[in-house]
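> output the structure for:
(chains A and B, ligands or ions: 3)
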Amino acid sequence: MNHPLLGQAGERHLLLGNEAIVRGALEAGVNMVACYPGTPSSEVPDTLNKLRACQRFTLEYSVNEKVALEVGGGAALAGALTLVTMKHVGVNVAADPLLTMTYTGLPGGLVLLSADDPGCHASQNEQDNRYYARFASMPCFEPANPQEAKDMTKAALLLARETQQPVLLRTTTRINHMRGPVTFGPLGEPAPIVPFSRNVRRFVPVPATARARHPMLLQHMEDMRVIAEKSPFNTTAGNAKVGVIASGVSRAYLHDVLMAHGWEGKVRVLELGMTWPLPEQKIELFMRSVHALLVLEEGEPLVEAELRCLAQKQGLPLAIHGKHDPLTRLGEYSTTKIAEALGAILDEKVENACGLHCEELPQRPPNLCAGCAHRSAFYAVRQIFGDDAMYSSDIGCYTLGVLPPLSGADFAFCMGSSISSGSGFAHVSGKPVVAFIGDSTFFHSGLTGLANAVFNRHNLLVVILDNGTTAMTGHQPNPGVSAEVLGEQAAHLDIEAIVKSMGVARVEKVRGYNQKALQRTLEELKGQNGVRVLLVEEPCVLFARRTLKKARTQVAFVAEQGEAAEKCLATFACQAFCKNAEGVAVDEELCAGCMVCMQLSPAFKARKRGTE
Amino acid sequence: MSQKLRIYLTGVGGQGTLTATTLLTRIILDQNLPVVAGEIHGMAQRGGVVESTILIGGWQSPSIQLGEVDILLGFEPLETLRGLAYLRTGGAVFSSTEFTPPPSVSAGKAVLPPMESIQKSVAEVAEKAWFFPIKTIGLQAGSQQSGNTALIAAACASGLIPVSIEALEAGIRKYMPAKLVEVNLKAVALGVEALHTTGKH
Ligand SMILES: Cc1ncc(C[n+]2csc(CCOP(=O)(O)OP(=O)(O)O)c2C)c(N)n1
Ligand code: SF4
Ligand code: SF4
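Ligands and ions are numbered 1, 2, ... in the order given. Reported below is the predicted structural model:
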């Protein structure tokens, strides 16, 4: 198979950080990859998915991160060099196996990619997963550009294989979604499988084994500290009395600040690429060589705290500057913030540019696509339940149902929480609760919540929005995807059969575009008690167009301007609607031809696309 | 070290802003210029704002701060205006004149700023600015999306981006799927023509 990522050593390509991670894994000879998608990690498995035909590795989209890490862990026990990828919050889901895998070790070698999202560009929080390197005891690599993303992925995998211990590769959105030149090393042959030899005193962590493995893990981390001391990713440069210790994307910002302000000669810099365990001797030497020190790390002051400890232990008198306005624990760092912080220490005046400030402009929030069946379902639920019910939402495209006029979300925590937190809320509030959950999320962690709801006799209506794909993160496969689309790769699971077999009292299934059936069924379900499930089936519009190759033959138009059309605009607000001088119009380019608007309002009619 | 240049591209999700960014960045790397590019697109597939950056000349980080941009490529005029805060005084703007209304405007709850006022705001910061109806130009070339290529071609033809039209055409042949090449080459020609016929503002 022919693909730029399978190119020869010495070739240089412009790669996305995530594509560079893929190349690094291929250079290391990765055997097995397991993942659960999530921004900003998804391009790693999705790129590998396109490379399946090269037959160098096995890839699976697991149903959630815990499962992905357990599948990966099992593969690594059986001797495969393994990569497991997920977004930062996914590691919370996978934390249970993770914190014991480091006790047992994994003979084949395993690298966990945690893609963090400072600034919450596409996430529900901005947690700092460098904590997990400390928590679970594993070495951590943090690239600052695509070239390093490739090099460190390879180095991490090779280290994991050599030490038989898991390694953390921690990135942030800027790195995952940055493009830069990457020079290839040789493509590695798939790594030899390490034969498994039974050893219950290592691999079965009963208390006696776990107690015996823990000191070995601590020793391993001391050994890793020696590796960190010599790591080519930890480098010192410059000669000055002001020092900067930087890690992650801050290293790139620092470089650009020094270049832009001509401060190259004014600071001594220690860059940390292998960021856990810290090379303490190297750092101590560095701290002894400077009078003042600035620590640059986005997120939590982890390196900073370690440095303060070290300085105290060694009785070093230097001034340490870390988290302090504008370098806070919030959001991302930037060149301007770093210039300001460093300028203050260097006693240099920095005039950061500031652009023209415009008056308030209309915002452009993300919105459910025109023709999205989620909109139709939210509309129907609102019609039947109005403000009387509480809406327990979940994570997916349908979280966008929070926007008015749908206003179909009152609370949400994390993937899978809709059913379980809806159960608790209903129990205490005594109010009707409607929980919304997508198909991928249902398989991710809705199953357990539903089992619990039935088991504990909770009282809520669960609306499963089955659009046949994992839409939010780029249409990855999940067990709800149709058998035709999954093909040989994976098997389809039937949500309706699963729900019924769980003992849910009342299960109904309707098409997402059928307003009449939706509203009638919801009305019936409203009058009942116990756990009720409404399965709303309709393929995601984008998925239908791109993957199912469904043609959009029909298009809506406004046949009669007036109150009815205006009301539909105000209450349904399809993205294809547009207010203009004549009243309401439908953008033919955007209209998906779902035919929902005409079921809601006589003002809308259908015609064949392309006819006026 | 080569000339330093910071380019900011902005548009609406699903419009092809990132494809255009990647194409241009690849071509710049093919000129052997040091380049990095970045993109921010939270949930952009759903019609949100898509911003990306291209930094030439030795930058290592992909982000750009307010008032730092040399060239702004706006694939949608409201986003051109929103992105204007990134432009440095004396920078250049290449922008579309054809709106994609955001939800509040579609719902009749907000109005779009008139094109003239956008041009006026641009003129307050930019030294040079060009405005084109890129959707129309794209359709003329054969697909609405190819209008993005026309805007890039205009920027290249202006001489402000270190990519010749020949290099742009070669890049399109090298990096675009075969079935899109013809349309995009046509868009290049139309973009160059538009630059010469549209007086700069
Ligand atoms: C633990 C965790 N893993 C991954 C994600 C990223 N993520 C957000 S939504 C989503 C998928 C939603 O798919 P589905 O439930 O089918 O809803 P759809 O987007 O198709 O409407 C994923 C994987 C996350 N937020 N949390
Ligand atoms: S991508 Fe699919 S599920 Fe998401 S908003 Fe668009 S149509 Fe709906
Ligand atoms: S048919 Fe109506 S509701 Fe469906 S996408 Fe078109 S305008 Fe929107």
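
> doesn't residue A:429 make contact with residue A:389?
No. Residue A:389 lies out of contact with residue A:429 (Cβ atoms under 8 Å); the separation is 10.4 Å. In this view, the C-beta of every residue, glycine as well, is placed from N, C-alpha and C.

> higher neighbour count, those two?
Taking other Cβ atoms under 10 Å in any protein chain shown, residue A:389 and residue A:429 do not tie; residue A:389 has more neighbours (20 against 10).

> grab the nearest non-local neighbour of the residue nearest in space to the middle of chain B.
Residue closest to the average C-alpha location in chain B (Cα atoms, centre = their mean): residue B:73, at 2.9 Å. Spatial nearest neighbour of residue B:73, chain neighbours left out: residue B:9 (4.5 Å); criterion: Cβ to Cβ, 6 or more residues apart in numbering or on different chains.

> need phi/psi at that neighbour.
Dihedral angles phi and psi of residue B:9 (degrees, to the nearest 10) take the values phi -120, psi 140.

> count the neighbours of it for me.
Neighbours of residue B:9 under the rule other Cβ under 10 Å: 29.

> tell me what it is bridged to.
Using DSSP bridges, the bridge partners assigned to residue B:9 are residue B:52, residue B:73.

> so who does it touch?
B:17, B:20-21, B:51-54, B:72-75 (Cβ atoms under 8 Å, 6 or more residues apart in numbering or on different chains).

> pull out the buried members of those.
In terms of neighbour count (16 or more other Cβ atoms under 10 Å in any protein chain shown), the buried residues within the contacts of residue B:9 are B:17, B:20-21, B:51-54, B:72-75.

> redo those as TSV? Include pLDDT and distance to residue A:376.
Shown next, in TSV, are these (pLDDT from 0 to 100; distance: Cβ to Cβ, whole Å):
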residue	pLDDT	distance to residue A:376
B:17	90	29
B:20	94	33
B:21	96	34
B:51	94	31
B:52	96	33
B:53	97	38
B:54	98	40
B:72	98	39
B:73	98	37
B:74	98	34
B:75	97	30
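
> so is the lengthiest helix in chain B next to chain A?
Counting residues, the longest helix found in chain B (DSSP state H) is helix B:178-197. No. Using Cβ under 8 Å from any Cβ of the partner chain, we find that helix B:178-197 stays clear of chain A, coming within 14.3 Å at best.

> what about that helix, average pLDDT?
For helix B:178-197, the mean pLDDT works out to 96.

> run through who's touching that helix.
With Cβ under 8 Å, 6+ apart as the test, helix B:178-197 has contacts from B:130, B:132, B:137-138, B:140-143, B:146-147, B:149-154, B:157-158, B:165, B:168-169, B:172-173, B:176.

> using PyMOL, define a selection of the buried residues within those.
Under the burial definition 16+ other Cβ under 10 Å, those of these that qualify are selected in PyMOL by:
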select buried, chain B and resi 130+132+137+138+141+143+146+147+149+150+151+152+153+154+157+158+168+169+172+176
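
> what about residue A:111, which SS state?
Here residue A:111 is strand, with the state taken from DSSP: H, G, I helix; E, B strand; the rest coil.

> run through the bridge partners of it.
In beta-bridge terms (that is, DSSP bridges), residue A:111 pairs with residue A:83, residue A:167.

> how close does the residue in chain A that ligand 1 sits nearest to sit to residue A:236?
Of all residues in chain A, the one sitting closest to ligand 1 is residue A:438 (2.2 Å; Cβ to the nearest ligand atom). Going from residue A:438 to residue A:236 by Cβ to Cβ, to the nearest Å gives 49 Å.

> more neighbours, the two?
residue A:438 (29 against 16).

> how about the nearest residue to that one, chain neighbours excluded?
Residue A:438 sits nearest to residue A:396 (Cβ to Cβ, 6+ apart), 3.8 Å away.

> residue contacts, residue A:45?
A:33, A:35, A:37, A:59, A:61, A:85, A:476 are the contacts of residue A:45 under Cβ under 8 Å, 6+ apart.

> isn't the second one right up against residue A:87?
No. Applying Cβ under 8 Å as the test, residue A:35 and residue A:87 come out as separate, 10.0 Å apart.

> which neighbours do the two share?
Common contacts of residue A:35 and residue A:87, defined by Cβ under 8 Å, 6+ apart, comprise residue A:41.

> and these two? Which one has more around it.
Counted by other Cβ under 10 Å, residue A:35 and residue A:87 do not tie: residue A:35 has more neighbours, with 28 against 25.

> bridged to that one, which residues?
Counting by DSSP bridges, residue A:35 is bridged to residue A:61, residue A:85.

> please report the distance of it from ligand 3.
Using Cβ to the nearest ligand atom, to the nearest Å, residue A:35 is found at 33 Å from ligand 3.

> if we ignore the residues flanking it in sequence, what's nearest residue A:458?
Nearest residue to residue A:458 in three dimensions, chain neighbours excluded: residue A:423, at 3.8 Å (Cβ to Cβ, 6+ apart).

> what helix or strand does the one you found sit in?
Per DSSP states H and E, residue A:423 falls inside helix A:417-429.

> so which elements touch that helix?
When contacts are defined as 3 or more Cβ pairs under 8 Å, 6 or more residues apart in numbering or on different chains; DSSP states H and E, helix A:417-429 packs onto strand A:390-392, strand A:433-438, helix A:447-455, strand A:460-466.

> can you check what angle separates it from strand A:433-438?
180 degrees (axes from the mean of the first three to the mean of the last three Cα atoms, to 10 degrees).

> measure stretch A:103-110 end to end?
13 Å (Cα to Cα, to the nearest Å).

> buried ones in it?
In stretch A:103-110, counting by 16+ other Cβ under 10 Å, buried: A:103-110.

> redo these as TSV? Include secondary structure, distance to chain B and pLDDT.
Converted to TSV, those look like this (DSSP: H, G, I helix; E, B strand; the rest coil; distance: Cβ to the nearest Cβ, whole Å; pLDDT from 0 to 100):
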residue	secondary structure	distance to chain B	pLDDT
A:103	helix	38	98
A:104	helix	38	98
A:105	coil	36	98
A:106	coil	34	98
A:107	coil	38	98
A:108	coil	34	98
A:109	coil	30	98
A:110	strand	30	99
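
> between the residues you listed, which is nearest ligand 3?
Distance ranking of these against ligand 3, using Cβ to the nearest ligand atom, places residue A:110 first at 45.3 Å.

> ok now do the closest one, which residues does it touch?
A:72-73, A:76, A:82-84, A:101, A:160, A:166-167.

> can the lowest-mean-pLDDT helix or strand in chain B be found next to ligand 3?
Counting by mean pLDDT, DSSP states H and E, chain B has its least confident helix or strand at helix B:103-106, which shows a mean of 90. No. For helix B:103-106, no contact with ligand 3 is found by Cβ under 6 Å from any ligand atom; the gap never falls below 11.1 Å.

> how about the buried ones among the contacts of residue B:9 in a markdown table, adding distance to ligand 2?
Output for these, formatted as a markdown table (distance: Cβ to the nearest ligand atom, whole Å):
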| residue | distance to ligand 2 |
| --- | --- |
| B:17 | 17 |
| B:20 | 21 |
| B:21 | 21 |
| B:51 | 20 |
| B:52 | 21 |
| B:53 | 26 |
| B:54 | 27 |
| B:72 | 29 |
| B:73 | 26 |
| B:74 | 25 |
| B:75 | 20 |
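
> lovely, talk soon.
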